[in-house]
Every structure is written in structure tokens, then in C-alpha cells.
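Trainee: Based on what follows, work out the 3D shape:
(chains A and B)
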Amino acid sequence: MATPVLRWCCPGRRWVFAGIGGVSRHGRGVPTGSTSSGKRGQSSVAQQPLITAQKPRKGEREWAAVVGLEIHAQIASNSKLFSGSQVDFAAPPNSLVSFFDASLPGTLPVLNRRCVEAAVMTGLALDCHINRRSLFDRKHYFYADLPAGYQITQQRLPIAVNGSLAYSVCVGKRRSQMVTRTARVKQIQLEQDSGKSLHDSLRSQTLIDLNRAGVGLLEVVLEPDMSCGEEAAAAVRELQLILQALGTSQANMAEGQLRVDANISVHNPGEPLGIRTEVKNLNSARFLAKAIDYEIQRQINELENGGKILNETRSFDYKLGLMPEPNLPPLLLYDSGSLPPGTDPQQVINIDQLREQLPELPRVTREKLVQQYGMLPEHSFALLNEVGLLEFFQNVIKETRAEPKKVTSWVLNTFLGFLKQQNLAVSESPVTPSALAELLDLLDRKAISSSAAKQVFQELWRSKGKTPAQIVAEKQLELMQDAEALEQLCCSTLEAHPQVVTDVKKGNPRAINKLIGLVRRATLGRADPTVIKEVLERQLSS
Amino acid sequence: MLGRTLREVSAALKQGQVTPTELCQRCLSLIKKTKFLNAYITVSEEVALKQAEESEKRYKKGHSLGDLDGIPVAVKDNFSTAGIETTCASNMLKGYVPPYNATVVQKLLDQGALLMGKTNLDEFAMGSGSTDGIFGPVKNPWSYSKQYREKRKQKSHGKNEDSHWLITGGSSGGSAAAVSAFTCFAALGSDTGGSTRNPAAHCGVVGLKPSYGLVSRHGLIPLVNSMDVPGILTRCVDDAAIVLGILAGHDPKDSTTIQDPVKPFTLPSLTDMSKLCIGIPKEYLTPELSSEVQSLWSKAANLFESEGAKVIEVSLPHTSYSIVCYHVLCTSEVASNMARFDGLEYGHRCDIDVSTEAMYAATRREGFNDVVRGRILSGNFFLLKENYENYFVKAQKVRRLIARDFVNVFNSGVDVLLTPTTLSEAVPHTEFIREDNRTRSAQDDLFTQAVNMAGLPAVSVPMALSSQGLPIGLQFIGRAFCDQQLLTVAKWFEKQVQFPVIQLQELMDDCSSVFENEKLASVSLK
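Mentor: Reported below is the predicted structural model:
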């Protein structure tokens, strides 16, 4: 299936190649994005302030940016949207291609029920109106990786419309405050993915892999309600979490399961919107934010220098119009009220039934965390941001007597810090929730000091299989529980350092700390400094 | 034996009067003898003989699969057949051997039918003559019939007889000729605007276009998806009903087929004619209609009336918009459907490798004939964003009006409409090619094509021979999914008119000897 060809040169589309080693090479509306990246998981929502493009310098005009998004999410389904071919990201090229996928003449599309359910669930989760009747269209393009010469999509009457996506961004001087923003969801449509083509310039060939051709996509169109890269990235991140919670898409950007195109324009507030340009095929939230802010800045610079923004995305792809897909009857959905009596439940889709099956959405999970554990909102975000982290946290909470705040702090600071440092996923952590719970218990009943706890944690990370108690025993890290022995140590320390005692009595407030330090050293760090302080103060005053 | 109907030969097989292998061999030998008709593109001799052998084993064990077991059939070359070349009479698909069977083909094979071969057509079924395919035109068996030859002798005094051979009509001309010339007992055609009924009328056979959605299109290489229906060509109405009974029903591979279970299509005899109401659409009385067809049409109406049926004039007011509306919808879908033929996955690919675009362009230029390219061009024009509303959307609205015309008529109590199938009897090829394909199609589809817009069932039944000794068929149009009622009326009519059998044998022997002298490639057998 290789074609000896030159690929197409795209008329002025702006490509942003993101990701490590990522290569992106398409120029067109059919979503692509087959870049790979060595990075694990998703980078968190950009918390660093990015280029804030619309900050006016003194005496200059003020600019406002408007950002809309088109997001393509591969539906998590065993088979493709209109054929029985398997979906597998890692299969050898062209091994998952049905006659329909290869567009053999005479083959017809048969709609995959699972994909429809995924679209309905996603629509419900985004508060969309679910159209009881939706239609499929053909959108025509001549591309080697689109075998039929058209993509089956839902342009005119999509399955879901008019929803909203609430997401949060950090604001304030120290970016410590989280505020919720909302982007309107214009529509969600079902459509086919294209195949992939790889250009081999050395041999002047284009290689085509149709494994992806016909995989079901959800196209989620967000209205231009965002104003910078950070907001766009946060919205995408929230959508990603929702899709993952629903199980409707794995939504891994690095693997191309979630691809984002952004429409960007700038204007002076109070004036009509400017001319849009598109940034396409962005494959990580961080690069999305960067690319959008870069484009905003570029447009501002262009306009301030008297230039014009050209809508560079218009191209002849779109001139060939749509046509209704004649081989698929209208897609009809029912609710419990409209379900015709005596219908086979296998033959129809009941929206109400799917609504009942909706899992808890990330927003609700976070609200619960804040309520239940008195957690800061940003901590609830952080817990949901890593795959498996929330579950880890909840498992620790279940098994420990330690305060939720302590658990939160340990999970988000110590545990997550170690993971990030070593580039590991939660599931790959050498420390189990039970081990951390046990460690926090030791800390909670003051069996060890917090510095000792850090040491134990490090040891847990290093030597798999040992329990915290074992490590504490081996390293003799338990706090001195023998009050008499501590009294003795304090007493002898005071006797051995009369000068310091004098300093204390003279009223030098720092002198007592020196004594505490000396006692701690004598205990090999196993005594609680506050207890030492108590004992010393009592002995000094007696 | 070969002159019998499907039902008769099926009975003969069951009674052991003939074996499937004998039957198969006789048909194969007749196919060779009538090769000059050009009805077949591919003759699947080996496959058919193997199938016959299997069938024979079943008969010996007394486990025949049903009415079609051991019956030779032919399939239009735009149905996908696993392991057998499927060309659509186009360079684009020359050498294309599909890996799967169309559902209708599979159903025939599952019933034990013997696949004799793939029949000729207009390229991608675009035409009304079966003259515009890369394998050349199909010749109408009636050109060589005793009936026609005798009439001609009276008129033309000893001119070169063969230069006046007649077209079959189309685009399923190969299938019609194959059934008409006794080389098989039933054949599949396809019908998008009349492509089954038109050649059936010209070749003196029964041509059924079932209701849209009753028979699976999976594996039928599309012309216009929303109008295409597999068609059935047989020697009598009962045979068409038998084949329809086998083909009809839901196909999970075609989402446009009906879900409801299909009732059997055995046809009762019409007894109480007084309950029948026949509608005669007044718009179908056009100036182009030949006087002979017109008078047969009236005669048929009178026949129904005299037998007690109610016959009324009805109106289908949007009929005159049908052709232009069809043109827009058809070419638009063609443009879309043909987009897949890019030389990448299958079919023809040119040698040019400068760029993808150059490769596409050359492949499609070499692969498609002028007719196909012309339709793609118009279709792309209608689908242009700026034209879409003005053409495609409007045409869809008109289509709805046309369909509503029929609904209104049927709601007024009409059971079946009676119309001509074609303007006249078959014309000589020399005359036919004086007009271009588009003009011809527009003229020839006049009575047939509105039916496709409305998705209704319709059948052409041969009524009588013209003064030239050529068959003339009339069309019955039924309510959607009332195919059985339609066929019941058609069967009654068929019985009344007693259409004569084509007298082919002696002349064919004569012709084939004539043709054997010519430089003809030997029969290519697959």
C-alpha cells in the first residue's frame, strides 16, 4: 500500500510539533497526530505563569485574545466506528483493516453501538442536549490515508449540542487561588479517524497504515470562551479527566488519543473579534498552552506593527461540500418515556439508562474531597491529576489513623515528589498504600519523629518488601519512650555545658535550642524535640 | 430443458429428469454458442461445474437445499464475488478479484445455485443500453429471433442482417440477455433508475426491482446508494418471486435493510378482481411514447377493467421534474462514491509517480470512461459548497415531492400502478448510438426512475411483440414493501397475455456459425 508520492504541501497551515521526538506531518481537517513521546503520563495543568500575552504595556492598546478548541478523542472501543476491525494502538501496520476500512467497493458502514453510547455518555457528562435524531455526513477529501475519499462525520445534526465544560485555573499574585471558568460546548459529533501516512523522503515514498482508519472519534467543539493558553490547557485537561472517568476515551495525548486544534484571534476589547488562525495537532497540554500563547503574541505583534492576520486555514479541502451519508439511516436515540413498547433493548439506546450508569465526575470527586477532608481545592486537583493518585490516597486514608491533612501532605509532597523525580506512574510506585499508612501511623502515635519518617520513607522506596516497622527497628529510629532515660540524658547534658545553661539563664532565647540539639544528638535523633524542650525547661527552672 | 422456467427445471432436478451437472454443461455450451451476444464478461465454468458436482451429491443423498439447488444463475458484474473478477465493465476494476461475496450472491450460493458467470453492463452501471462498457456492447438475443428476422425480411430486402442487431437496454443488459437466451434461469441485475426493468422489457423477460430496503446492497458496487436495489431477471413472475423470497430480508451488513421478518413470496392466484384498483398515471402519457406501446398500455388497462378491476386515471404531478432531479442526486452520489477509486488499495493504478495528485489524476483518467468522468465532474459541481443548497438540497426536496406523489396515489385507494416500461421496443445499436449516453439515459429512464426516488417495488412484464416482432413490456408499480401484492397482480397479467417464447434455436445455430468465421477470440473461461 505504499505510494511513491510526494505529499501535499499544505497551504499555509501552522503546525506545532510538540512532544519529545514528536513528528507531525499532516495538513488538513481530518484529525491526525501520531506523535510519540517518551514522557510518561500527562504533564499537569500548567501552573507556571505562561506568557501573558494580553498584558498591555503603558500607553499601548489593550489586546484580548479569544481561543476556541476542537478536540478529537479516540473512543475507547474494541472495534472501529463502522466496522468490526479491532482497535489496537500497537498492532503491526495494516493488520487491523477490514474490507470496509480499505474501502473495498460494495462495503457498507455498520454503526458500532459502543461508540454511540460513548458519545451519549460524554454528552451527558458535559450537560449537553442529546439529539434524539442525529445524522451522518460525508466530508470529502483526497488523501491517501482516507481510503474512501471521504470521512463519515456528523456535521449538520450531531449527536449532542449545547453543553458546558467547567474547568479551573490558578489566579492571584501567588497563583494560589483557584477559580472556576466555563467553556460552552457547541457540539459533540461522532466521526471516523483517518489512517496514517508516513513520508519516506529518502525513497520518495509515502507509506500508509490503515490500522487507525475508521477508529471512532468524538469531536468536541468548544466555543471561543477561553482567553489564553493556560485556560485552554486547563479546559483540555478537565475534558481529559472527564473522558477518562467515563471510560469513553483513554485520552492519552502523547499516544494521539486526544488531539487538539485551537482557533485563535485577538482584538481590542469592545471591538469585533479578529481574524482567526488555527494551531493544529497539539499533543500535550503544556505545548498547547505554549503554542496558543505564542500565536496570540505573534498576532499582537503583527497587528501592532501594522500588519494583518491572514486566515491561513482556508484551503480547498473545504470547498467540496458535505453530502448526507446515504448508507446510514438517521441515528435514533430514546429515553424511558419515548421507548416504543416491546423494543429489543439490544436494538435501541436508552439515554436515561446511560445517565444512570454515569460514574462520578472529577468535579464532584474534588468537591467531595474538599468537604470530607477539609482539603484545599488545589490539593483536590492535584490528587486527580495523576492517574491512580486519588485511589492511592484513599487507600492510605482507609488504613491509617493519621489526620487527612497529614495524609494529603505526604501523598502530594513526599510521595508525588519521589514519583516525579523518577518519572514513575503511581502504579509503578515501590511504596504501597499500606506501607505509607503504617508509616503515618508510627508518626501519628509519635513512635518516630517526622524527620525519621522521611528517612523511613526513603528506605521504603529503596528496599521493596520491608515494612516501616522493620526499617524503624533496623535503623533504631523509634523515639525514646523511656522518660527516665531522657531525664537522665537531659540532666547530664546540662551538667556538661554550664556555659550554655548560663546563657539560657541570662535570657538568650537561642541558647535553649542549642541544648535541645545536644540532647537530640545524644538520643541519636530518636527523641521528640518538643518533649526534650519540656524536660529541659523543667530541669532548668527547678 | 433450457427453455423451461426456474420452477419447472427445479421440479425436473428433484425428479431426476436431469442432473445439475448436465444442466450446467448445457448452459455452459450455450454460453459458448452465444458468445457473440457478449452477455458475459466472465464465465466461471470451473466454479459452476464444481458447484454442480456438490449439488448433484446433495440430490443423490436426497438433501437438496431447496428450489435453487443446481439451478444455473448469472450475476451482473457489479456484484462482488469472492475469487471471481468483478470489473463493473471498467478499466478501473479490470483484474480486481474481490475477497468477499455480496450478500445476495452468498444467499444464492447458500441455496445451491450454480454461478455461471458475471454479466456485461454499462461501465459502473451508468447507461441505458449496455453499450458503454470496456468489454463492448451486449447484443439483444431478439436480434436473432425467428420472430424479428421474419418481420425484417419482409421489410428490408436482403440487407446485411447482422449490422442491424439491437441493443438490450441497460444497464443490466448482460443479465437480461443471459436469461433471454436461455443461458441461465435467473440473473441478478441492479436497478438505480430502471437498469433492471429497461433491459427486461427489451429482452422479453421479467425484471423486478424490489422495494428499497427489502434486499441487501452489501457487495453491490454502488451507483446511487439511496436508489440502488439488486434486481431480479427471470423468465416468469413466479420465478422472480422465488428468487426474491431467497434474497429478501434484513442484512446486518446493510443498515438500510428492514428489520422486520420477511414473509414468503409465494403468489396466490388473483380471484376477486373487483377488489383490485389499478392506477394509470396520466403524466406517463408523453409525446415520446411510441404509438405501439401506448396502444398496448391501453389494451392492458382495458384487460383489467374487463376482468372486473377498477381502473382509474391518477396524477403524479411532479413526474416531469424527476429526470433533472435524478441527474443532480445521481451525479452527486457518483462523485462521492467514485472517490475511493484512487489506485491505492485496489484496481487500476497508472505508472506516474511524480506526486500523489498526479497519480490520482492519471489513474482516474485511465480508469474511467467519459460517461463516468462526466458524471463525477457534474457531481462535484453540485457538491461544491456554493452550489450545494441550490442543487443538491433542492433536488432532495423535489425527490420528496415525487415520493409523496406516489404516497398520495396509493392512499387514494390505488393498489398498483400500470405504466409503460420503455418508450418503444429495442432499437438497433446503430440508431442507439446516435445520441449520447446522457440523453439516452434521460429518455429511457422516463417511466422507471421516479420509482427509485420513492423506493417502491416495480416489475416489468413482457406483454406482446411489436409489429417488428420485438418484445414490449409494461411496468407495474406497487406500494412500498407490498412486493408480494405487486407480483400477484403481475402474475395474473402474465397469465392473461401469454407472451410468446423467443424462437432462437435454429437462428442461433446459424448465427454462431456466421460468427465462428469471424475473428473472435476463443471463449475465455475462468
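
Trainee: ok, residue B:231 - contacts?
Mentor: Residue B:231 sits next to B:172, B:175, B:188-191, B:195-197, B:207-210 when contact means CB atoms under 8 Å, 6 or more residues apart in numbering or on different chains. All C-beta spots, glycine's among them, are computed from the backbone N, C-alpha and C.

Trainee: Just the element for it, please.
Mentor: strand B:229-234 (DSSP states H and E).

Trainee: Tell me which residue in the stretch 101-250 of chain A sits closest to chain B.
Mentor: residue A:149 (2.5 Å; CB to the nearest CB).

Trainee: re the thing from before, using CSV, lay out the contacts of residue B:231 together with neighbour count.
Mentor: Listed next are these as CSV, based on neighbours: other CB atoms under 10 Å in any protein chain shown:
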residue, neighbour count
B:172, 37
B:175, 40
B:188, 27
B:189, 35
B:190, 25
B:191, 30
B:195, 39
B:196, 35
B:197, 33
B:207, 36
B:208, 32
B:209, 33
B:210, 29
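
Trainee: biggest separation within the residues you listed, which pair?
Mentor: Largest separation among those by CB to CB: B:175 and B:210, giving 15.0 Å.

Trainee: okay, which residue is most central for chain B?
Mentor: Per CA atoms, centre = their mean, the C-alpha nearest to the average position across chain B is that of residue B:196, at 2.2 Å.

Trainee: which residue ranges form the strands in the stretch 251-400 of chain B?
Mentor: Per DSSP state E, counting those that start in this stretch, the stretch 251-400 of chain B carries strands over the ranges B:277-281, B:310-314.

Trainee: Can you lay out those as TSV showing mean pLDDT?
Mentor: Shown next, in TSV, are these (pLDDT from 0 to 100):
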stretch	mean pLDDT
strand B:277-281	98
strand B:310-314	97
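
Trainee: Verify the stated contact: residue A:524 with residue A:476.
Mentor: Yes: in this structure residue A:524 lies within contact range of residue A:476 using CB atoms under 8 Å: 6.7 Å.

Trainee: strand partners of the longest strand along chain A, parallel vs antiparallel please.
Mentor: Counting residues, the longest strand found in chain A (DSSP state E) is strand A:177-192. If you go by DSSP bridges, strand A:177-192 pairs up with strand A:160-171 (antiparallel), strand A:216-226 (antiparallel).

Trainee: sorry, back to before: tell me the first helix or strand C-terminal of the strand holding residue B:231.
Mentor: Once the chain leaves strand B:229-234, the next helix or strand it forms, by DSSP H and E, is helix B:237-247.

Trainee: which residues touch that next one?
Mentor: Against helix B:237-247 from outside (CB under 8 Å, 6+ apart): B:5-7, B:66-68, B:104, B:107-108, B:111, B:185-186, B:206, B:208, B:210, B:214-216, B:230, B:232-234, B:262, B:264-267, B:459, B:461, B:483-484, B:487, B:490-491, B:494.

Trainee: Stretch B:306-315 too?
Mentor: For stretch B:306-315, the surrounding residues in contact (CB under 8 Å, 6+ apart) are B:272-274, B:276-283, B:301-302, B:304-305, B:405, B:409, B:412, B:414, B:417-418, B:496.

Trainee: can you rerun that using 7 Å?
Mentor: Identification of contacts with stretch B:306-315 by CB atoms under 7 Å, 6 or more residues apart in numbering or on different chains yields B:273-274, B:276-283, B:301, B:304-305, B:409, B:414.
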